[in-house]
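In: Kindly return the folded structure for what I paste below:
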Amino acid sequence: MSHEIILNGKHESKPSLLAKIYIWSIVLHPLLFFDFAHEELIGIGGNISKILELIVVICLFFSLIFYRTYSIILNPQYSTVYWVYTFYAIWVAFFGYFYGYYEFNNNIEYVNQGFFNLAIIRPFFEYIILIFYYFYFVVLAVHFLSSNKTINYFFKVFLFLFYSHLLLGFLDQISTIYFEFDLIPISLSRYTPTSWRFHGLAGEPRDAFVFLIFGIAMIYLYNFWKKQNKIKLLLPVTISIIALLMTASVSGMVGVIISTGLISAYQLRTFKLKNIFFAVLFSSIVLISVYLNFVYFSRLGEVLNALPALYYGLKEGNIPEGLIGQMPNIYPVFSRFNEVIELNLLPTIFGTGVGTESVVNVNMLGGGDLTVNPQSQIIRLFYSAGIVGTLLYIISFYYPVYKISKIYNTKIFIYILLFLLGANLGHRSIAIFIFLGVFMAVFKQLSKKP
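Out: Residues are numbered from 1 along each chain as shown. Model prediction:
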């Protein structure tokens, strides 16, 4: 088989083999069910998608070396802001290292010492991940999804897996509730019994929450790509929203609140009375719905009831039982809070470097895994990059979608992006990168059409 067929397809009559491997790798990546090895082995979790990613990267590496006609545009249109954020995060890391934010306590006993979790390796590896995510899921998406055939193939694969995720997720709920049998485990590498909450193929319910919003976003994008009647959106979106409610995810609700804030800020930018009214109305409806549906009927109520005793519990080392599982999200905030009280404001404003949020967690917990990261992306950003870096991160995803949506005179994708971005900030997920990459690829292809 010639390299033209492998890399570029044959006369673009069908997607190339490498493009197909790439598409399967990005579609499978958010589905944690396909994890077959825990990250404690080497410091990186084993997933079918990561094997495919390795194949793609190796093929690209040798293609760029041996085939001089093969090239990749490293900086797609409107992607400058993310690289600014990356350089900013690297710059901040020097100050974080100088002031000791990367230092582990000497008396800590480590349980997990996989190669990529070693204290001397992990900080550098965090920055490799920071760069790799954007390169692989955004830059290469624009590169590979460069024809109608490849874009159609992507949506075919994604929608098949997404609808399978919905179907299996509901069957798993029925099996768990009525037969006390967990049909779908969290992943292939670990069997963790779940409750009635929806999780499907995405992993835990909080992972499913983000993936469901991602799925809704991709359904809208597919509808726009195919120029279909909006009525066709009704059934899949409605089913996805029902599944969202069934996750009963605390981090998901945090994401909804963040999304509400982002959308309200977007609406208020023009300072028109109508926009202010709808922003306040929308925010009120969302917040009241969250309160009524989740404070009384989910674990969020337990967390909120435990909050009043949290501060004194942290001071005395007596953590309320309802918050024990949330401590990786709480310790970084508590650390910054103490710095603000002492009028040390620079870390809060500028951050201390990617990976320092994990260091403070390990030091506060007294040992264990060297990668005890917060599940919440907003807390990771707030601690590692500060207020400035968090704003740069948000703008790096908002700006491309805003500029492209403005050209095509459609605002729906701005709202979709802000919802997905809020969900991503509530719980860390690769979905925001995949959406941005596919979105840019789709609209680049649309711009070629007469």
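In: avg pLDDT for the helix or strand Asp172 falls within?
Out: In this assignment (DSSP states H and E), Asp172 forms part of helix 148-179. Average pLDDT, helix 148-179: 91.
In: likewise stretch 426-438?
Out: 92.
In: got it, and stretch 32-42?
Out: Stretch 32-42 carries an average pLDDT of 65.
In: rewinding a little: does the helix or strand following the helix holding Asp172 pack against any helices or strands, and if so which?
Out: Proceeding N to C from helix 148-179, the next assigned helix or strand is helix 205-226, under DSSP H and E. Packing contacts for helix 205-226, counted by 3 or more C-beta pairs under 8 Å, 6 or more residues apart in numbering; DSSP states H and E, involve helix 148-179, helix 234-247, helix 250-267, helix 412-426, helix 431-446. The way it works is simple: take the backbone N, C-alpha and C, and place the C-beta from them, glycine included.
In: possible to save those helices as a markdown table with distance to Gly100?
Out: A markdown table is the format used below for the helices and strands packed on helix 205-226 (distance: least, C-beta to C-beta, whole Å):
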| stretch | distance to Gly100 |
| --- | --- |
| helix 148-179 | 44 |
| helix 234-247 | 39 |
| helix 250-267 | 30 |
| helix 412-426 | 28 |
| helix 431-446 | 31 |
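In: Redo those helices as CSV? Include mean neighbour count and distance to Asp207.
Out: Rendered in CSV, the data for the helices and strands packed on helix 205-226 read as follows (neighbours: other C-beta atoms under 10 Å; distance: least, C-beta to C-beta, whole Å):
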stretch, mean neighbour count, distance to Asp207
helix 148-179, 17, 11
helix 234-247, 16, 9
helix 250-267, 22, 9
helix 412-426, 23, 11
helix 431-446, 23, 9
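In: between these, which gets nearest to Trp196?
Out: Among the helices and strands packed on helix 205-226, helix 148-179 comes nearest to Trp196, with 5.1 Å by C-beta to C-beta.
In: and the closest one, what does it pack onto?
Out: With 3+ C-beta pairs under 8 Å, 6+ apart as the test, helix 148-179 has helix 17-28, helix 205-226, helix 234-247, helix 431-446 packed against it.
In: out of those, which comes closest to Tyr82?
Out: Closest to Tyr82 of these, according to C-beta to C-beta: helix 431-446, at 8.9 Å.
In: by contact count, what packs against the closest one?
Out: Contacts defined by 3+ C-beta pairs under 8 Å, 6+ apart place helix 431-446 against helix 140-144, helix 148-179, helix 205-226, helix 377-407, helix 412-426.
In: Of the helices and strands packed on helix 148-179, which is nearest Tyr415?
Out: Of all the helices and strands packed on helix 148-179, the one in closest proximity to Tyr415, counting by C-beta to C-beta, is helix 205-226 (9.7 Å).
In: ok, Tyr133 to Val139 distance?
Out: Shown here: Tyr133 relative to Val139, a distance of 10 Å by C-beta to C-beta, to the nearest Å.
In: Those two: which is more packed in?
Out: Val139 (19 against 15; other C-beta atoms under 10 Å).
In: what residues are up against the more buried one?
Out: Shown in contact with Val139 (C-beta atoms under 8 Å, 6 or more residues apart in numbering): Ile72, Ile73, Leu74, Asn75, Pro76, Ser79, Gly437.
In: hey, least reliable of the helices and strands packed on helix 148-179 by pLDDT?
Out: Mean pLDDT across the helices and strands packed on helix 148-179 is lowest at helix 234-247; the value there is a mean of 88.
In: Give me the neighbour count for Tyr127.
Out: Each residue near Tyr127 was counted by other C-beta under 10 Å, and the total is 16.
In: Next up, the contacts around it.
Out: With contacts taken as C-beta under 8 Å, 6+ apart, Tyr127 has the following neighbours: Ala89, Ile90, Ala93, Val354.
In: For the one helix or strand it maps to, the averaged confidence score.
Out: According to DSSP H and E, Tyr127 maps onto helix 122-134. With pLDDT averaged residue by residue, helix 122-134 scores 83.
In: now the angle from it to helix 377-407?
Out: 20 degrees (axes from the mean of the first three to the mean of the last three C-alpha atoms, to 10 degrees).
In: CA atoms of helix 122-134 as PDB?
Out: Presented in PDB, the C-alpha positions along helix 122-134 are these (Å, rounded to 0.1, in the frame of the first residue of the first chain):
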ATOM      1  CA  ARG A 122       6.000  14.900  36.300                       C
ATOM      2  CA  PRO A 123       6.300  18.700  36.100                       C
ATOM      3  CA  PHE A 124       7.900  18.500  32.700                       C
ATOM      4  CA  PHE A 125       5.400  15.900  31.600                       C
ATOM      5  CA  GLU A 126       2.500  18.200  32.500                       C
ATOM      6  CA  TYR A 127       3.800  20.800  30.000                       C
ATOM      7  CA  ILE A 128       4.200  18.200  27.300                       C
ATOM      8  CA  ILE A 129       0.500  17.200  27.900                       C
ATOM      9  CA  LEU A 130      -0.400  20.900  27.700                       C
ATOM     10  CA  ILE A 131       1.100  21.300  24.300                       C
ATOM     11  CA  PHE A 132       0.200  17.800  23.000                       C
ATOM     12  CA  TYR A 133      -3.500  18.200  23.700                       C
ATOM     13  CA  TYR A 134      -3.800  21.200  21.400                       C
END
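In: any idea how far Ile151 lies from Pro400?
Out: The span separating Ile151 from Pro400 equals 17 Å under the rule C-beta to C-beta.
In: got it, and Ser49?
Out: As it turns out, when the distance is counted by C-beta to C-beta, Ser49 lies 24 Å from Pro400.
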